[in-house]
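>>> Quick one: sequence and predicted model below, then my questions.
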Amino acid sequence: MTDFKKCLSLIVSILWFNSLMAQNPLIQNQFTADPSVRVFNGKVYLYPSHDIPATPGHGRAGWFCMQDYHVFSSLNLTDWIDHGVIVSQNTVPWADSAAYSMWAPDCIERAGKYYFYFPAPAKSGGPKGFSVGVAIANKPYGPFVPQPLPIAGIHGIDPNVQIDKDGQAYIYWAQGNLYGAKLKTNMLELASEPVKLEGFPDKGLKEGPYLFERKGIYYMTYPHVADKIERLEYATSDNPLGPFKYAGVLMDESTSGCWTNHQSVIEFKNQWYLFYHNDDLSPNFDKNRSVRADSLFFNEDGTIRKITPTLRGVGITASSEKIQIDRFSAKSADGVEIAFLDTLNKFEGWETIFNKTDAWVKYSSVFFGKKTAGHISAKIRSVTGGVLLVSIDGKPGKVIAKLIIPKGNNWSIVKNALVSMPGGVRNLTVQLTGEGRVEADWVSFK
Ligand code: FUB
């Protein structure tokens, strides 16, 4: 495809589908969990589970409730396009359409076809527990055609498929422990007897296997209940089916208490990333989860540095977008609160509340165009009135704008000329000067 056609197809897809921009969590207009992320043809595709709240007659209250899968794509890890539903419990011939248990999926490409793997309980008369099905498409975003039957020989959840350098495909899944087998080249049938993978901690639930290879080392990543809730760990091997050797913790247990976590790892444009989930948009019910991403780094010896979850996440934010400073990279020790804009509709997102002199938040990696003059605008309110200083490259750094917020109870858009318009990718700091209480939804530069 020529560059012009690629550009046109991106514009068309942005107009036709839902375009979303977010830091962490990545998708903020619906719940997403169990991210399996792939790079296909230079684009990042996110295949998550789709949590929904159970309602009478639809799913079990207080438990996971999932009836379908969406796929999302991104060229830059900041802007995501929702391509809509690709597989639903109502369209899989063998699946129980009343189960609401379309758990963690995966997708892989082979010879120009895309194979989407998903666990689900079968209709009555079929195998008990979870089976794993496959749906096939010619494009990463579908349309996907579900196969008439699940894969024979697999009973469990959280399928993960990898194709090794020699072309051999492997499928992994979980059933308390982690299991694996070879797949035939049709990607639909097992080519070897399933084996229980060895080398992981004996005690505690393990699920969500996700294998990747780097420099000849096979990394098996997985959530594990080492204590009370899941944390992310990894083990390594020189063979896709092990035995593996426990290598450490990728991410500690969620500080908000989300019981599950679930991960995938990709390299995109020479940077490695961990995708995982937490309960950001549903802090009181951890079965309605949201997908996040953070950068992942290897040590010289091939071990992975433990990842600290951030709100800022990954990717570069254009200065002309609404910059959600509540997804900060750093903040002052006190004087900053983050709150939902509307506790009855958490999909509205968050606001930053500055309530102490000199309180600040830093938001990294904002891309400024090459203009030499411009304006800042911000959605803001302040019951006391107050002044925010906006600076780059430090705290306070070089001040580029001052926002004088009049006293009032309502949100308004406050606008001011910039002292100077920076260029390139810069780190932004927003700081309260003097006394007062100022609430900010976003800031933007034009
Ligand atoms: O999303 C349902 C289940 O929760 C997944 O299959 C597990 O990995 C856990 O995240």
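Perfect, I can see it now. Note that this is a predicted model, so its numbers are computed, not measured.
>>> List the contacts of the nearest residue to Leu77 once chain neighbours are set aside.
Spatial nearest neighbour of Leu77, chain neighbours left out: Gly315 (3.8 Å); criterion: C-beta to C-beta, 6 or more residues apart in numbering. The way it works is simple: take the backbone N, C-alpha and C, and place the C-beta from them, glycine included. Neighbour list for Gly315: 23, 76-78, 365 [criterion: C-beta atoms under 8 Å, 6 or more residues apart in numbering].
>>> if you look at those residues, which of them are in strands?
Here DSSP state E is the test, and the contacts of Gly315 give Ser365 as lying in strands.
>>> Lys182: which of the contacts of Gly315 is nearest?
Nearest to Lys182 among the contacts of Gly315, counting by C-beta to C-beta, is Leu77 at 32.6 Å.
>>> Torsion angles phi and psi at the closest one?
phi 70, psi 0 (degrees, to the nearest 10).
>>> wait, doesn't it sit right on Ile266?
No: using C-beta atoms under 8 Å as the test, Leu77 is too far from Ile266 to be in contact (9.9 Å).
>>> joint contacts of these two?
With C-beta under 8 Å, 6+ apart as the test, Leu77 and Ile266 both reach 44, 273.
>>> Quick check: the residue of the stretch 301-446 of the chain nearest the ligand.
Here the residue of the stretch 301-446 of the chain nearest the ligand is Pro309; by C-beta to the nearest ligand atom that distance is 15.6 Å.
>>> Next, the contact list for that residue, please.
Contacts of Pro309 by C-beta under 8 Å, 6+ apart are 24, 251, 254, 276, 278, 292, 294.
>>> quick one: which of those sit in strands?
Per DSSP E, the contacts of Pro309 map to strands at 251, 276, 278, 292, 294.
>>> Residues in a beta bridge with Ala235, which ones?
Listed by DSSP bridges, the beta-bridge partners for Ala235 are Met220, Tyr246.
>>> Spell out which parts of this structure neighbour the ligand.
Contact residues, the chain versus the ligand (C-beta under 6 Å from any ligand atom): 33-34, 49, 64, 103-104, 157-158, 207-208, 260, 262.
>>> Neighbour-wise, which one of these leads?
Within the residues of the chain next to the ligand, most neighbours by other C-beta atoms under 10 Å means Asp34, with 32 neighbours.
>>> Assign that one to helix, strand or coil.
strand (DSSP: H, G, I helix; E, B strand; the rest coil).
>>> Spatially nearest residue to it (excluding sequence neighbours)?
Using C-beta to C-beta, 6+ apart, the closest residue to Asp34 is Ala104 (3.4 Å).
>>> Could you do Thr32 as well?
Spatial nearest neighbour of Thr32, chain neighbours left out: Pro48 (3.9 Å); criterion: C-beta to C-beta, 6+ apart.
>>> Render the CA-only coordinates of the host helix or strand of that neighbour in CSV, please.
Using DSSP states H and E, the element containing Pro48 is strand 43-49. The C-alpha trace of strand 43-49 is given here as CSV (Å, rounded to 0.1, in the frame of the first residue of the first chain):
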residue,chain,number,x,y,z
LYS,A,43,0.5,-1.2,14.0
VAL,A,44,-0.3,-2.2,17.6
TYR,A,45,-3.5,-4.3,18.1
LEU,A,46,-5.0,-4.8,21.6
TYR,A,47,-7.2,-7.8,22.1
PRO,A,48,-8.7,-7.5,25.6
SER,A,49,-11.5,-9.2,27.5
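>>> So that it lines up with my notes, have the first residue be 637 from now on.
Shifting the count to begin at 637 puts that one at strand 679-685.
>>> and it, what other elements does it pack with?
Applying 3 or more C-beta pairs under 8 Å, 6 or more residues apart in numbering; DSSP states H and E, one finds that strand 679-685 contacts strand 669-676, strand 704-710, strand 742-746.
>>> Mean pLDDT and distance to Leu785 for those strands - can I get that in a markdown table?
Below are these laid out as a markdown table (pLDDT from 0 to 100; distance: least, C-beta to C-beta, whole Å):
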| stretch | mean pLDDT | distance to Leu785 |
| --- | --- | --- |
| strand 669-676 | 98 | 22 |
| strand 704-710 | 98 | 19 |
| strand 742-746 | 98 | 18 |
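>>> winner for burial among those?
Among the helices and strands packed on strand 679-685, strand 669-676 has the highest mean neighbour count (mean count of other C-beta atoms under 10 Å), at a mean of 24.
>>> in its sheet, what does it sit against?
The strands that strand 669-676 pairs with in its sheet are strand 679-685 (antiparallel) (by DSSP bridges).
>>> now the angle between strand 742-746 and the strand it pairs with, please.
Strand 679-685 and strand 742-746 meet at an angle of 140 degrees, taking axes from the mean of the first three to the mean of the last three C-alpha atoms, to 10 degrees as the criterion.
>>> State the mean pLDDT of strand 679-685.
Mean pLDDT, computed over strand 679-685, is 98.
>>> neighbouring contacts of it?
Strand 679-685 is touched from outside by 662-663, 668-675, 702, 705-711, 713, 716, 738-743, 752, 776-777, 902, 904, 911, 913, 927, with contacts defined as C-beta under 8 Å, 6+ apart.
>>> how about a cut-off of 6 Å?
Applying C-beta atoms under 6 Å, 6 or more residues apart in numbering, the contact partners of strand 679-685 are 668-674, 702, 707-711, 739-741, 743, 776, 904, 927.
>>> Most neighbours among the ones in strands among the contacts of Pro945, which one?
Tyr912 (29 neighbours).
>>> what's near enough to touch that residue?
Going by C-beta under 6 Å, 6+ apart, Tyr912 touches 897, 899, 928.
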